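Novice: Kindly generate the corresponding structure for this input.
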Amino acid sequence: MSTEKIRIVLVDDHPLVLEGIIARLENEPSLEVVGSANDGAQALTLIAEVQPDVVLMDISMPVMSGFEATERLRAEQPNVRVLILSMHESREYILKLIQCGAAGYVLKDVSSDELITAIKTVYSGATYFSAGASQSLFSQTDFQTPAPASELKEALTCREQEVLRLLAQGASNKATARQLDISVRTVETHRQNIKTKLDIQTAAGLARYAIEHNLID
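Specialist: Residues are numbered from 1 along each chain as shown. All right, here's what the predicted structure looks like:
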C-alpha cells in the first residue's frame, strides 16, 4: 500500500480560517498541506508551482472568485481535484461549482474527520458532498424549471454568468468591475462576449435571458 501523502493547497481569504484548517489537518499522517493562497489568482500561480493533488477552495474571495479559479483549474490543471469548502448552502452555488469542475462541496461546519474523508474521497477520483450540501442540492424536486447549470453550461463561462447576473440587475460596468474586483475593460469584454454567444444585443434582452435561466429572481 502506498505511503505517499495527499498533497493539499488551501485557498481562503481569511487567515484565521486557513490556520484553523491547517490545525485540523496537521495530525492526519496521510495528508500534507503544501501551500496556501488568499485568492483565486494567487492560488493558480501556487498550484502550478507545487502541483498538489487536492485543492480546498473557498468561494467568495477578492481578485478571483472560487468559481473562476475552479474553472481555470479544470482547463489548466485537470489532474488537480477541487474540493469546495464554504459557508454557503445555496443550491445555485453548488450546481454552478459542479459545472465549473469541482469534485465535491463541503460546508465549513463539518467535523475534522468528515473533512479528511472528503479529501480522501475526491483524491480517489470520486465525488463528495457533505450532508448539508447534499440536502441543499436535492431538496428541490421541481426539475422542470430551467437550471443554470444545464442551460448555460455550453454558452457562458462561470465568470460570464457572474457578469451577466450583475448587469441584468442593473449594475453599471464600473459597479460590476468593482464588485468582481476586475477592470472595467474586462467587464466590457465579458459583456461583448456574452452578447455574441447569446446573440442578444440589448440590455433588456440580457436581463430577460438572466431571469428565464434563474440567474436572478
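
Novice: Could you chop this structure up by domain?
Specialist: 6-138, 148-212 (automatic domain parsing).

Novice: Output these in a markdown table, with mean pLDDT and mean neighbour count appended to each entry.
Specialist: (Glycine included, C-beta is placed from N, CA and C.) Shown next, in a markdown table, are the domains of the chain (pLDDT from 0 to 100; neighbours: other CB atoms under 10 Å):
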| stretch | mean pLDDT | mean neighbour count |
| --- | --- | --- |
| domain 6-138 | 90 | 19 |
| domain 148-212 | 79 | 16 |
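
Novice: Tell me what M57 is bridged to.
Specialist: V11, I84 (DSSP bridges).

Novice: What's the separation between it and I182?
Specialist: 19 Å (CB to CB, to the nearest Å).

Novice: check contacts around the closest residue to C158 other than its chain neighbours.
Specialist: Computed as CB to CB, 6 or more residues apart in numbering, the closest residue to C158 that is not its neighbour in sequence is F67, at 4.1 Å. Going by CB atoms under 8 Å, 6 or more residues apart in numbering, F67 touches I59, K96, L97, C100, C158, R159, E162.

Novice: How much space separates the nearest residue to the last one once chain neighbours are set aside from M87?
Specialist: For E162, ignoring the flanking residues on the chain, the nearest one in space by CB to CB, 6+ apart is L180 at 6.2 Å. As for L180, its distance to M87 is 20 Å (criterion: CB to CB).

Novice: State whether Y93 is indeed within a helix.
Specialist: Yes. The assignment for Y93 by DSSP: H, G, I helix; E, B strand; the rest coil puts it in a helix.

Novice: wait, it sits on M87?
Specialist: No. The pair Y93 / M87 is not scored as a contact, 10.3 Å apart, by CB atoms under 8 Å.

Novice: State the helix or strand in which G170 lies.
Specialist: Using DSSP states H and E, G170 maps to neither a helix nor a strand.

Novice: Ramachandran coordinates for it?
Specialist: Main-chain torsions, G170, degrees, to the nearest 10: phi 100, psi 0.

Novice: who touches the longest helix along the chain?
Specialist: The residue-count maximum for a helix in the chain (DSSP state H) belongs to helix 184-198. Outside helix 184-198, the residues that touch it by CB under 8 Å, 6+ apart are 155-156, 159-160, 163-164, 167, 173-174, 176-177, 180, 200-201, 206, 209.

Novice: Check those residues against E32 and report the nearest one.
Specialist: Nearest to E32 among those: R159, at 31.2 Å, using CB to CB.

Novice: what separates the closest one from T70, distance-wise?
Specialist: 11 Å.

Novice: Could you do K197 as well?
Specialist: In terms of CB to CB, K197 sits 20 Å off from T70.

Novice: again, but for G125
Specialist: Distance of G125 to T70, computed by CB to CB: 17 Å.

Novice: Ok, E162 next?
Specialist: 13 Å.

Novice: Hmm, V33 and E26 touching each other?
Specialist: Yes. In terms of CB under 8 Å, E26 counts as a neighbour of V33; the distance is 7.2 Å.

Novice: before we move on, the earlier item: restricted to helices, list the contacts of helix 184-198.
Specialist: R159, E160, V163, L164, L167, N173, K174, T176, A177, L180, L206, Y209.

Novice: Can you tell me the closest non-neighbouring residue to the first one?
Specialist: In space, R159 comes closest to E68 once its chain neighbours are excluded; the distance is 4.7 Å by CB to CB, 6+ apart.
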